[in-house]
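K.L.:
Got a sequence here, can you build the structure:
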Amino acid sequence: MDTDSQVYDLLSIGAHPDDVEVGTGGVLIDQAKRGRKAGVVILTQGEMGTGGNAEIRAAEIERAAEILGSDVVATFDWGDTKLADCYEHRFELAAVIRRCRPRIILAPYPHIGHARRQSHPDHVAAGVIAINAAHLASLKKADLPGEPHLVTRIFHYFLPPGVTPNFIVDITPHFDRWIEALSAHESQFLNPNKSRDYIEHLTAMARTFGMQGRCQYGQGFLAVEPVLVGDILTLAEGE
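P.N.:
Numbering: from 1, shown residues only. Model (predicted):
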């Protein structure tokens, strides 16, 4: 689709075709229900995944985005398991940010976690690229198409063990639709050749975040910078 003149409230950036669904899908559904415009950016084709291939996974991206109510504004082929921060990648993503002009970017946590299950290197790289691209997009002298744009906030998902979210988004009203969006990635989450029940695992993760946020199902994020609050009582809404 032509997104040249479309402004987005939020962009969710993922390294692989299913990342934004796993980490931010409930939020994207919520934003669509609120009449806001959310876009998805995928940095690799996910060709190294156990199930599917680049062609199959590209079709799954489109199906999932339709369920989420989001637009796929850009997909890149920057190498599954090879994703790295470099100026060329910053430049291309910065051009997307200028074109879409989001207030908020959701991106993977940009640091490796030290535990039994460490962060996927592509996830870490995606977070670093997103931060650097957002900075580049704001520079007046950057040789980029479009007008400079300063993203208001970058929030991180895919938090490694030991990193606690500092806010939880309640996705309980959208849980069934979130599962539907995850299931659109059939090659990954409904693959009979895989021994692990990924849908159950992700459901448990949402329950865990929900318990932390005092709701049934949630998705957790980290705001690295302090969040400005006008009315402190807004932090108690929904309690």
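K.L.:
Give the residue spans of this structure that score low on pLDDT.
P.N.:
1-5, 114-118, 239 (pLDDT under 70).
K.L.:
Mind jotting down where the helices sit in it?
P.N.:
19-33, 54-68, 87-100, 121-138, 175-183, 186-189, 198-213 (DSSP state H).
K.L.:
Please name whichever of those helices is nearest to Pro161.
P.N.:
Across the helices of the chain, Pro161 has its closest neighbour in helix 198-213 (12.0 Å, C-beta to C-beta). Every residue, glycine included, has its C-beta placed from N, CA and C.
K.L.:
The closest one packs against which elements?
P.N.:
Here helix 198-213 touches strand 167-170, helix 175-183, helix 186-189, strand 218-223, going by 3 or more C-beta pairs under 8 Å, 6 or more residues apart in numbering; DSSP states H and E.
K.L.:
Leaving out sequence neighbours, find the closest residue to Gly213.
P.N.:
Using C-beta to C-beta, 6 or more residues apart in numbering and skipping residues adjacent in sequence, the residue nearest Gly213 is Ile168, 3.0 Å away.
K.L.:
For that neighbour, give me its contacts.
P.N.:
With contact set as C-beta atoms under 8 Å, 6 or more residues apart in numbering, Ile168 has these partners: 209-210, 212-213, 215, 218-221.
K.L.:
which among the residues you listed gets closest to Ile42?
P.N.:
Gln219 (18.3 Å).
K.L.:
how many other residues sit next to that closest one?
P.N.:
27 (other C-beta atoms under 10 Å).
K.L.:
Do I have it right that it meets His156?
P.N.:
No - using C-beta atoms under 8 Å, Gln219 is not in contact with His156; the gap is 11.7 Å.
K.L.:
Can you work out which residues contact both of these two?
P.N.:
The contact lists of Gln219 and His156 share no entry, where a contact means C-beta under 8 Å, 6+ apart.
K.L.:
picking that back up, which of the helices and strands packed on helix 198-213 sits closest to Glu21?
P.N.:
That would be helix 175-183 among those, by C-beta to C-beta, at 5.0 Å.
K.L.:
what does that closest one contact?
P.N.:
For helix 175-183, contacts defined as C-beta under 8 Å, 6+ apart pick out 18, 21-22, 25-26, 29, 64, 67-68, 171, 189-190, 198-199, 202-203, 206, 216-217.
K.L.:
Filter the residues you listed down to the buried ones.
P.N.:
18, 21-22, 25-26, 29, 64, 67-68, 171, 189, 198, 202-203, 206, 217 (16 or more other C-beta atoms under 10 Å).
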